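Asks: using only what follows, build the 3D model:
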Amino acid sequence: MNGDISQLLPLLGYMAFMIGISFYVRHQQQSGLMNNFVKTYFIGNRDLGGFVLAMTTVATYSSVSSFVGGPGVAWNVGFGWVYMAVVQVTAVFLVLGIFGKRVALLASKFNAVTVVDIIRHRYKSDLLAEISAFIIVLFFCATMVAQFVGGAKLFEAVTGYSYVTGLILFGAMVVVYTTIGGFRAVAITDTCCAIMMMIGIMMLVYFVLQAGGGYDSIVAHLETNRPDMLEPLSGGKMPYGLYLTQWILVGICTIALPQSVVRGLAFRNNKSLVRAMLIGTFVVGFMNIGVNLTGILGQGVMTGAPADYGGTDSIIPRIVVTAMPATLASIAIIGPLSASISTISSLLLVGSSAIIKDIYLHRQERKGNNPGDGKLRILSMLATAVIGAIVFFIAMTPPSLIWLINMFAFGGLETAFFWTLLLGLYWPRANKTGAMLSMVGGTVLYCLAQGMGFKIMGLHQITIGITISLILFLIGSYVGKPEDKETLGDFFPE
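Replies: Numbering: from 1, shown residues only. Purely as a prediction, here's the structure:
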């Protein structure tokens with residue numbers, strides 16, 4: 001530990017502020033300002049305004065892999081990666097515009113608190129619901145490991161303190177404030193995180209341009225030394241197939257990610273939803289363009305190969321250290337660390353809700369038991385803390401290429417939930433058999449393809465997962481028994 005304690009002060013102050021918010025929200029809950037613990041803890045009592053809803057939705061897209069891994073890739077392949085901004089702007093608009101209103105109406109009708117609640121009501125299958133909960137927890141753990149690792153690596157590079165110190169410091173903080181405050185605390189802190197992300201991006205772009213001699217000087221350097229970075233296909237490093245699979249993987253299919261869909265359960269009214277769509281699309285576009293542009297402009301500051309700086313995941317941390325004054329670097333990293341913090345907190349809540357609400361509470365209700373709010377509070381907080389602790393200890397031995405881990409988890413969740421939710425909500429013929437075959441078969445084959453490195457035409461394995469899951473869904477829906485008229489009447493009233 002050879003870091004300067006003064007560099008930790010801004011981050012420590014920010015962390016203290018986050019924890020303070022969680023205690024304030026907890027006080028509101030305990031003082032009776034909010035009732036129904038399950039609804040309050042997991043979806044904020046369905047009372048989020050447009051601005052907060054937009055920012056907490058942004059948090060699901062602005063993970064640390066976007067702030068560390070994405071710019072690192074952009075640093076190598078160039079302006080083709082800015083395409084990601086367009087993809088994710090579209091995704092945010094669709095997740096709120098297509099699923100948001102539909103999910104909210106159904107949630108009100110069935111008093112649903114989680115995505116799994118919607119699936120259980122649509123397909124009338126406890127087994128499918130519990131498989132859904134298992135898949136959520138499994139892939140969320142993989143995603144959270146990537147967030148912990150990325151945040152700790154950035155902390156290590158900028159502050160001079162060890163990777164383990166960073167992991168303990170911000171990892172413990174995010175687990176604590178999520179456990180204490182629940183969804184409402186997460187939504188409020190996500191708003192603070194999003195603001196800090198934008199401030200951090202603006203600071204980083206400014207100092208990278210300064211260190212590189214200005215935009216014109218950096219572009220001139222690229223024209224001479226890396227002309228491929230100015231081409232849409234990046235000299236073959238960004239083939240058309242990658243554009244296609246990125247549109248699927250981090251674009252259209254993200255509308256069915258459980259951490260995205262749950263936002264549709266939490267907004268106050270239609271005005272809040274429309275406002276969130278407008279603000280969310282702008283903020284996601286700003287962040288993605290800004291941070292990936294920083295990765296590209298970083299070529300004017302550091303001109304070696306990624307291996308010279310410790311690999312792709314180390315590019316942005318090294319740019320921060322190289323381009324920014326030490327006194328400001330500790331403030332600037334709050335932005336990307338906020339991306340990690342907000343993503344982990346959201347995933348922790350959805351993961352713990354899958355265990356407590358979707359499995360434990362449902363089983364108790366089937367037995368005729370009715371656990372009180374006090375017991376549910378303890379169990380929910382315990383589940384959140386345990387999941388966070390497990391992921392924390394896995395992250396103690398950090399894997400490489402965090403953006404690949406994040407993309408693997410995205411693909412698994414999309415394979416499992418995209419057709420199950422999309423067709424379930426918009427196609428009356430969809431039934432339990434189709435959903436079960438699609439979710440289980442598609443997810444297993446996707447994981448096998450990933451494990452064996454098998455690809456078709458060089459495309460990401462999401463194309464295999466999403467195609468197989470669709471075929472299995474259609475087969476099951478036409479072979480299996482149609483859903484009963486009562487269920488169809490609830491979801492597709494005439």
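
Asks: how far out from the middle of the chain is stretch 438-457?
Replies: With C-alpha atoms, centre = their mean, to the nearest Å as the basis, stretch 438-457 stands 21 Å off its chain's centre.

Asks: what does stretch 270-280 give?
Replies: Worked out by C-alpha atoms, centre = their mean, stretch 270-280 lies 19 Å from the chain centre.

Asks: hmm, who's touching that stretch?
Replies: If you take C-beta atoms under 8 Å, 6 or more residues apart in numbering as the criterion, stretch 270-280 is touched by 48-51, 53-55, 57-58, 92-93, 96-97, 100-101, 104, 267. (C-beta placed from N, C-alpha, C; glycine too.)

Asks: do the same with stretch 484-494
Replies: Leu106, Lys109, Phe110, His121, Arg122, Lys124, Gly424, Leu425, Pro428, Pro482.

Asks: now, among these, which is nearest to Arg366?
Replies: Lys124 (13.3 Å; C-beta to C-beta).

Asks: burial count for the closest residue to the closest one other than its chain neighbours?
Replies: Excluding its sequence neighbours, the residue lying closest to Lys124 (C-beta to C-beta, 6 or more residues apart in numbering) is Thr487, at 6.1 Å. Using other C-beta atoms under 10 Å, the number of residues around Thr487 comes to 17.

Asks: now Thr487. Its backbone dihedrals?
Replies: Thr487 adopts backbone torsions of phi -60, psi -50, taken as degrees, to the nearest 10.

Asks: in the host helix or strand of Leu278, what counts as buried?
Replies: Using DSSP states H and E, the element containing Leu278 is helix 270-297. By 16 or more other C-beta atoms under 10 Å, the buried positions in helix 270-297 come out as 272-277, 279-281, 283-297.

Asks: same thing with stretch 293-312?
Replies: Quick answer for stretch 293-312 (16+ other C-beta under 10 Å): 293-302, 306, 309, 312.

Asks: would you map the helices across the stretch 1-150 of the chain?
Replies: 5-30, 37-43, 50-61, 64, 70-77, 83-94, 101-110, 115-123, 126-159 (DSSP state H, counting those that start in this stretch).

Asks: likewise the stretch 251-400 of the chain?
Replies: Counting by DSSP H, counting those that start in this stretch, the segments of the stretch 251-400 of the chain that form helices are 258-261, 270-297, 315-323, 326-332, 334-355, 362-366, 373-395.

Asks: ranking those helices by burial, who's on top?
Replies: helix 334-355 (a mean of 28; mean count of other C-beta atoms under 10 Å).

Asks: name the helices or strands packed onto it?
Replies: helix 5-30, helix 37-43, helix 50-61, helix 64, helix 126-159, helix 163-211, helix 258-261, helix 373-395 (3 or more C-beta pairs under 8 Å, 6 or more residues apart in numbering; DSSP states H and E).

Asks: for Leu448, which of the ones you listed is the nearest?
Replies: Closest approach to Leu448 among the helices and strands packed on helix 334-355 (C-beta to C-beta): helix 126-159, 14.9 Å.

Asks: angle of that closest one against helix 373-395?
Replies: Interaxial angle, helix 126-159 versus helix 373-395 (axes from the mean of the first three to the mean of the last three C-alpha atoms, to 10 degrees): 50 degrees.

Asks: ok, and for helix 126-159, which residues are buried?
Replies: Counting neighbours by 16+ other C-beta under 10 Å, helix 126-159 gives 128-133, 135-159 as buried.

Asks: much appreciated, bye for now.
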